[in-house]
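Trainee: Attaching a predicted model along with its sequence, questions to come.
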Amino acid sequence: MSVSESSSTARRIDASTVGNALVLLALIVLAYLLLRWQAEPVRWLAPERTRLLWAAGLATAYAAFVGGVAWARARRARAQALPQASAHAAHEWLIAFASQTGHAEFLARRSWQTLADSGVGADIRMLGGLDAAALARYRQVLFVVSTTGEGDAPDTAARFVRLVLGTPAALTGLRYGVLALGDRQYEQFCSFGHRLDHWLRHAGAEPMFDLVEVDDGDPGALRHWQHHLGLLAGHTELPDWSAPAYRPWRLSARTQLNPGSLGGPAFHLALTPEHAADLRWQAGDIAEIGPRNGEADVAAWLLAANQDGTVTVDADGEADTLAALLRRSRLPDAIAMQALAPQAVADALQALPHREYSIASLPADGSLQLLVRQMRQPDGRLGSGSGWLTAHAGIDERIDLRIRANPSFHAPADARPLMLIGNGTGIAGLRALLKARVAAGHTRNWLLFGERSAAHDYHYRDELEAWLRDGAIERIDLAFSRDGSERVYVQQRLREHSARAREWLDGGAAVYVCGSLEGMAPAVDAVLREIVGLEALEAMALDGRYRRDVY
């Protein structure tokens, strides 16, 4: 079987071709029978010149029509064909898909285009035409797979399931991500995606981020997938596939928590909604922010582009100034815009993509709170999301915000022991979970947290230590990497207390990890494997006892 969909399609006999051949055969038979039915012999009568010209014209027109249809079909087939890859050379990236209705293939092609727009070359293949050896040729593989019925793989992946998925493989060094499509109406939601993820982990492959589940095309989950794509490709300014339906909030407070830190400035932010009904989320949910450019950056762009920012333009059916539209758009090359009319500039703009942040509070706090570290672009400018929230936006300024439900990181409903592990600004998501546990009266909580220094980076110190004194937290273990002669990180603290961790896990504890995808998350995962074993850790994940929100 070929590894490409285009080659397999070429061998498949098209149903329309068979139908046309049968019709032509039937016409020939009918003509023969009619000739036999005639009483007199067939005689050829030369047609008049006018009739001959009409017949020639009609025949030419019909030939042109048939040729046009054939050309259109060939063009469509070329457009739909997957990019061909050499059998001996490959890109570092591969996107593999398994689709039943075509939606997974559509998303795979869109993911491929997103990487291409970021300057990342990738191959794209049907999963059914691959095996472990083919996967091992790549360093990074993104899988886009759907689940059909009650946990079945798509028909196009039947070969992969039969020959590959049930056999051991060695894929050490491979990094991967899985986008699993499904429908929560079925009990085995996204089952095939989870089976694939399970097989890859057992083969030694390393996940670049946790499996992303998509319930019936949920646009929020797809934006989360695109967010991962942008981070992996090092190009986070690509436009959203589907823009969030933002709600109006106001920035009500902003405080830097780590003055003097060796790391980037980190700010505690409080936002309040213009409509009280928007104070509705659960611990573990995500805030999607619509960022804006700073006024100084927009003013500099307008000057370089020789444009007047006060001119009113049409923006998706609404009147706005060009400067206001530029604040929420990617700033294109200013020189290329110098000769364009203001409306032409507006039509060429693309909205800034959303930014995601873990929510650090509960609705009962009266505000949505975030912990945001300033990020800088290669040219030294502040990142569009962190710059907007920590520097450019004024107090009481409008913030575009949408809350995305993240049920895979919601707090346990019961009083089971809970281990919370994180670093840096990952304490934001863990803080919300602790708040939910304290409010529910569930006190068996163990926090393991890492940062640079206790003097500058112990975020929410007073609150955490008050919970510890009051018995709302049973244990806190800290790792401040710059405070001693040796660098100590949170995964080392976990390993030091592995015996106690095993006791907690044997007692039914759940583990929630929030923070850095690079370094911390895979290191913590490796220590947990040492403590309980890979099979037990995977069983915990399936039971909802091992959850991660890493970025």
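Mentor: Yep, that arrived. Numbers count the residues shown, from 1 in each chain.
Trainee: ok, and the closest non-adjacent residue to residue 393?
Mentor: residue 251 (5.2 Å; CB to CB, 6 or more residues apart in numbering). C-beta: built from backbone N, CA, C; applies to glycine.
Trainee: Assign a three-state SS to that neighbour, would you?
Mentor: strand (DSSP: H, G, I helix; E, B strand; the rest coil).
Trainee: Tell me where the stretch 351-500 of the chain has strands.
Mentor: 355-358, 368-373, 398-404, 418-423, 445-451, 475-480 (DSSP state E, counting those that start in this stretch).
Trainee: Now do the fourth one: which elements does it pack against?
Mentor: So the one you mean is strand 418-423. Under the contact criterion of 3 or more CB pairs under 8 Å, 6 or more residues apart in numbering; DSSP states H and E, strand 418-423 touches helix 427-440, strand 445-451, helix 490-496, helix 498-506, strand 510-515, helix 520-532.
Trainee: I'd like these as CSV, with distance to residue 481 appended.
Mentor: As requested, the helices and strands packed on strand 418-423 are exported to CSV (distance: least, CB to CB, whole Å):
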stretch, distance to residue 481
helix 427-440, 15
strand 445-451, 7
helix 490-496, 9
helix 498-506, 20
strand 510-515, 13
helix 520-532, 11
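Trainee: closest to residue 60 out of these?
Mentor: Proximity to residue 60 (CB to CB) singles out helix 520-532 among the helices and strands packed on strand 418-423, at 67.4 Å.
Trainee: Quick one: distance of that closest one to the chain centre.
Mentor: Centroid separation between helix 520-532 and its chain, computed with CA atoms, centre = their mean, to the nearest Å, is 24 Å.
Trainee: any idea of the mean pLDDT for the very next helix or strand once past that helix?
Mentor: Of the helices and strands lying after helix 520-532 in sequence (DSSP states H and E), the nearest is helix 534-542. Averaging pLDDT along helix 534-542 yields 86.
Trainee: for helix 534-542, which positions count as buried?
Mentor: Applying a neighbour-count criterion of 16 or more other CB atoms under 10 Å, one finds 536, 537, 538, 540, 541 buried in helix 534-542.
Trainee: now swap in stretch 206-225 and tell me
Mentor: Using 16+ other CB under 10 Å as the burial criterion, the residues of stretch 206-225 that qualify are 206-215, 220-225.
Trainee: outside of that stretch, which residues touch it?
Mentor: Identification of contacts with stretch 206-225 by CB atoms under 8 Å, 6 or more residues apart in numbering yields 103, 107, 111, 140, 174-184, 189-190, 193-194, 197, 200-201, 228, 232, 240-242, 244, 286, 288, 354, 356, 404-405, 408, 517, 522, 548, 550-551.
Trainee: Give the helix, strand or coil label for residue 108.
Mentor: Following three-state DSSP, residue 108 is assigned to helix.
Trainee: Measure how buried it is and give me the count.
Mentor: Per other CB atoms under 10 Å, the neighbour tally for residue 108 reads 25.
Trainee: My guess is it contacts residue 124. True?
Mentor: Yes: counting by CB atoms under 8 Å, residue 124 is a contact partner of residue 108 at 6.1 Å.
Trainee: Residues that sit against both of these two, list them.
Mentor: Counting by CB under 8 Å, 6+ apart, the residues touching both residue 108 and residue 124 are 95, 96, 97.
Trainee: What distance do you get for the first one to residue 105?
Mentor: Remark: distance between residue 95 and residue 105 (CB to CB, to the nearest Å) = 10 Å.
Trainee: which residues are common contacts for those two?
Mentor: residue 144.
Trainee: show me what contacts the residue nearest to residue 393?
Mentor: Contact analysis of residue 251 by CB under 8 Å, 6+ apart lists 269, 270, 271, 389, 393, 394, 395, 396, 397, 399.
Trainee: out of those, which are buried?
Mentor: For those, buried by 16+ other CB under 10 Å: 269, 270, 271, 389, 393, 399.
Trainee: Would you confirm that the fifth one contacts residue 292?
Mentor: Pointing back at residue 393 there. Yes: counting by CB under 8 Å, residue 393 touches residue 292, with 7.4 Å between them.
Trainee: Give the bridge partners for the residue nearest to residue 393, please.
Mentor: For residue 251, the beta-bridge partners are residue 271 (DSSP bridges).
Trainee: Distance of it relative to residue 325?
Mentor: 21 Å.
Trainee: backbone phi and psi for residue 67, please?
Mentor: Note on residue 67: backbone dihedrals following degrees, to the nearest 10 are phi -60, psi -40.
Trainee: Tell me how many other residues crowd the residue nearest to residue 98 when sequence neighbours are not counted.
Mentor: Once flanking residues are discounted, residue 98 sits nearest to residue 157: 3.8 Å by CB to CB, 6+ apart. A count of nearby residues for residue 157, using other CB under 10 Å, gives 28.
Trainee: just checking, residue 157 touches residue 164?
Mentor: No: between residue 157 and residue 164 there is no contact under CB under 8 Å: 9.5 Å.
Trainee: ok so, going back, can you list the buried residues of helix 534-542 in CSV and add distance to residue 458?
Mentor: Output for these, formatted as CSV (distance: CB to CB, whole Å):
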residue, distance to residue 458
536, 33
537, 29
538, 34
540, 29
541, 30
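Trainee: Now flag whichever of those is closest to residue 528.
Mentor: Nearest to residue 528 among these, with distances taken as CB to CB, is residue 537, at 5.5 Å.
Trainee: Would you mind checking the contacts of stretch 206-225 for buried ones?
Mentor: Using 16+ other CB under 10 Å, the buried members of the contacts of stretch 206-225 are 107, 111, 140, 174-182, 189-190, 193-194, 197, 200-201, 228, 232, 240-241, 244, 286, 288, 354, 356, 404, 517, 522, 548, 550-551.
Trainee: What strands line up against the helix or strand where residue 125 lies, and which way round?
Mentor: For residue 125, the host element (DSSP H and E) is strand 122-126. When pairing is defined by DSSP bridges, strand 122-126 lines up against strand 93-98 (parallel).
Trainee: which residues are contacting the strand it pairs with?
Mentor: Looking at what lies outside strand 93-98 - CB under 8 Å, 6+ apart - the contacts are 104-105, 107-108, 111-112, 115, 120-128, 130, 135, 137-146, 153-154, 156-157, 160, 192.
Trainee: buried residues in stretch 405-418?
Mentor: Going by neighbour count (16+ other CB under 10 Å), the buried part of stretch 405-418 is 406, 409, 410, 411, 412, 417, 418.
Trainee: Could you provide these in JSON lines, with additional columns for distance to residue 501 and pLDDT?
Mentor: Converted to JSON lines, these look like this (distance: CB to CB, whole Å; pLDDT from 0 to 100):
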{"residue": "406", "distance to residue 501": "25", "pLDDT": "88"}
{"residue": "409", "distance to residue 501": "20", "pLDDT": "92"}
{"residue": "410", "distance to residue 501": "22", "pLDDT": "94"}
{"residue": "411", "distance to residue 501": "19", "pLDDT": "95"}
{"residue": "412", "distance to residue 501": "17", "pLDDT": "95"}
{"residue": "417", "distance to residue 501": "10", "pLDDT": "97"}
{"residue": "418", "distance to residue 501": "12", "pLDDT": "98"}
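Trainee: contact partners of stretch 317-331?
Mentor: Stretch 317-331 is contacted from outside by 237, 239, 290-293, 295, 297-299, 301-302, 307-313, 315, 342, 345-346, 349-352, 400, using CB under 8 Å, 6+ apart.
Trainee: What's the PyMOL line that selects buried ones from the residues you listed?
Mentor: To isolate the buried ones among the contacts of stretch 317-331 in PyMOL, judged by 16+ other CB under 10 Å, type:
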select buried, resi 239+290+291+292+293+297+298+301+302+307+309+313+315+342+345+346+349+351+352+400
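Trainee: Keep only those of the contacts of stretch 317-331 that are in strands.
Mentor: Judged by DSSP state E, the contacts of stretch 317-331 include 290, 312, 313, 315, 400 as members of strands.
Trainee: Now tabulate those in TSV and tack on distance to residue 168 and pLDDT.
Mentor: Putting those into TSV (distance: CB to CB, whole Å; pLDDT from 0 to 100) gives the following:
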residue	distance to residue 168	pLDDT
290	47	94
312	65	95
313	60	94
315	56	88
400	49	96
